[in-house]
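Novice: My questions concern the predicted model and sequence given below.
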Amino acid sequence: MENVIDLDAAAQQISQRRGEWHDLGITAGETTWREQGEGWPPALKTDRATIIDADSIGVELAKGAQEGSVVLFTGGWADFCYWAGNADDPILEAPGYHDPLDVGTFGQLLDRLTQLFA
């Protein structure tokens, strides 16, 4: 699938929310980048400058026993995961798989994950 989303612009969506996450007591991991074509399994890197052809970015969030993550791929879909930290089944979705996301809808996806931690 061709690239349909600018991962650098999407990474700004993550950066813009870090203050809110901190204020809500949510611990956010570093933004991770995956290099296209580095073999399997590909290594995740946190230094954007070391990535030549990024094919995904991601961020993990945690608060108490709750855990969540979003990984966005250049094709415009994401892996969305949230677990409340109890016996409930996790939320596992692939938004954008049939209708690619744009940077704005990726931001909305991050907001949805944030609301699950409230």
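Specialist: Yep, that arrived. Please read all numbers here as calculations on a predicted model, not as lab measurements.
Novice: for the record, mean pLDDT for stretch 91-108?
Specialist: If you average the pLDDT over stretch 91-108, you get 94.
Novice: if we look at it, which residues are touching it?
Specialist: 4-6, 9-10, 13, 16, 70, 72, 75-83, 109, 116 (Cβ atoms under 8 Å, 6 or more residues apart in numbering). Where you see a C-beta, it was placed from the backbone N, CA and C, and this is true even at glycine.
Novice: Strands - which of those residues land there?
Specialist: Within the contacts of stretch 91-108, residues falling in strands by DSSP state E are 70, 72, 78-83.
Novice: name the helices or strands packed onto the lowest-mean-pLDDT helix or strand in the chain?
Specialist: Scoring the helices and strands of the chain by mean pLDDT, DSSP states H and E places strand 44-45 at the bottom, with a mean of 91. Contacts defined by 3 or more Cβ pairs under 8 Å, 6 or more residues apart in numbering; DSSP states H and E place strand 44-45 against strand 32-35.
Novice: Now the strand it packs on: average pLDDT?
Specialist: Rounded mean pLDDT across strand 32-35 is 94.
Novice: contacting residues around that strand?
Specialist: For strand 32-35, using Cβ under 8 Å, 6+ apart, the contacting residues are 7, 42-48, 51-59.
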